[in-house]
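**Q** model this:
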Amino acid sequence: MAGFFDRFRQPPTPPGPLDQDTVDNALGLVRAGRKIVAIKLVRERTGLGLAEAKGVVDAIEEGRRVPVEPGPGSLADRVRELLGRDRVADAIVLVAGETGMTEAEAARFIDALDR
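**A** As a prediction, the model looks like this:
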């Protein structure tokens, strides 16, 4: 029985960051009617508990902003990459989510970028 209780003696692992890839994959799963799988994905990738992961997936499903860890590269570089793939709406959401800008302000930011 000692092995069973050892896991309770160790400090819990802090949750990892929620990255944009996880949010995108969870959104795709929710849209496909696989919400439980989306919650499991968020739990596996972040270490969040069941209630917290469900809250994140609920927020994603409802279109609310969730805090996302910035990805590699500058915001402008990531926006340019999205624009290169003709994903303007995703670029606006990215800028608004990471900066707190409104969608109109994010669109103006994107228009001002050198391409």
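
**Q** So which elements touch the helix or strand harbouring V93?
**A** Using DSSP states H and E, V93 maps to helix 88-99. For helix 88-99, the packing partners by 3 or more CB pairs under 8 Å, 6 or more residues apart in numbering; DSSP states H and E come out as helix 75-84, helix 103-112. Backbone N, C-alpha and C define where each C-beta goes, glycine included.

**Q** now the angle from it to helix 103-112?
**A** Going by axes from the mean of the first three to the mean of the last three CA atoms, to 10 degrees, helix 88-99 is angled at 110 degrees with respect to helix 103-112.

**Q** I'd like the distance from helix 88-99 to the chain centre, please.
**A** 12 Å (CA atoms, centre = their mean, to the nearest Å).

**Q** Quick one: mean pLDDT over that helix.
**A** Helix 88-99 carries an average pLDDT of 87.

**Q** for the nearest residue to A96 once chain neighbours are set aside, what are its contacts?
**A** Spatial nearest neighbour of A96, chain neighbours left out: A106 (4.3 Å); criterion: CB to CB, 6 or more residues apart in numbering. Applying CB atoms under 8 Å, 6 or more residues apart in numbering to A106 gives the contacts 91-93, 95-96, 99.

**Q** Taking helix 75-84 as reference, get the angle to the helix holding V93.
**A** 160 degrees.

**Q** for helix 88-99, which positions count as buried?
**A** Buried residues in helix 88-99, counted by 16 or more other CB atoms under 10 Å: 90-98.

**Q** do the same with stretch 37-45
**A** 38-43, 45.

**Q** which residues make contact with it from outside it?
**A** By CB under 8 Å, 6+ apart, stretch 37-45 touches 16, 18-19, 22, 25-27, 29-30, 48-50, 53-54, 56-57, 60.
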